[in-house]
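Trainee: What follows is a predicted protein model with its sequence.
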Amino acid sequence: MDQNKYLVWFGNNIKRLRKASGLTQEELSEKMGITAQYLSYVESGSRSPSFEVITAVSDVLNVSPADLFEENTGTGKHKEVAAQLSQMIRPLSKDDQDRIIKIVSQCVRINKGKKS
């Protein structure tokens, strides 16, 4: 596999997840301890990120490093929604997170019933 393809996937995934989290390049780069210019290069696929950058971005965006290298196969919107939900409930207690998951599950079941 062409290394550049992975860099582009990586960069596109960072950009998508960053936007889903409501962060600008400046905000994300500050949280990661890198410059906004370097983040721009990484998002565009023109620079290879170091291991430290990969782990920093996965920590800040609350995803696994492997998720950053996945090919976007059309499920981007689902991942974007999942990233938004994850970001919103991250500061909550485990009990509150569990309650929210149950509420969302009930809403999904109700919605599926309406489509039948």
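Mentor: All right, it came through fine.
Trainee: can we go C-alpha only for contacts and neighbour counts from here?
Mentor: Fine.
Trainee: In this protein, which helix is the longest?
Mentor: Looking across the chain with DSSP state H, the single longest helix is helix 94-115.
Trainee: Show me what that helix is in contact with.
Mentor: With contacts defined as Cα atoms under 8 Å, 6 or more residues apart in numbering, helix 94-115 is touched by 89-90.
Trainee: any idea how far it is from the chain center?
Mentor: 21 Å (Cα atoms, centre = their mean, to the nearest Å).
Trainee: Identify each buried residue in that helix, please.
Mentor: Neighbour-count burial for helix 94-115, counted by 16 or more other Cα atoms under 10 Å, picks out Gln97.
Trainee: Please pull out the lowest mean pLDDT helix or strand from the chain.
Mentor: Within the chain, confidence by mean pLDDT, DSSP states H and E is lowest for helix 76-89 among all helices and strands, at a mean of 72.
Trainee: ok now do Thr55, which residues does it touch?
Mentor: Contacts of Thr55 by Cα under 8 Å, 6+ apart are Pro65.
Trainee: Report pLDDT for it.
Mentor: Thr55 is assigned 93 on the pLDDT scale.
Trainee: gap between it and Leu68?
Mentor: Distance of Thr55 to Leu68, computed by Cα to Cα, to the nearest Å: 10 Å.
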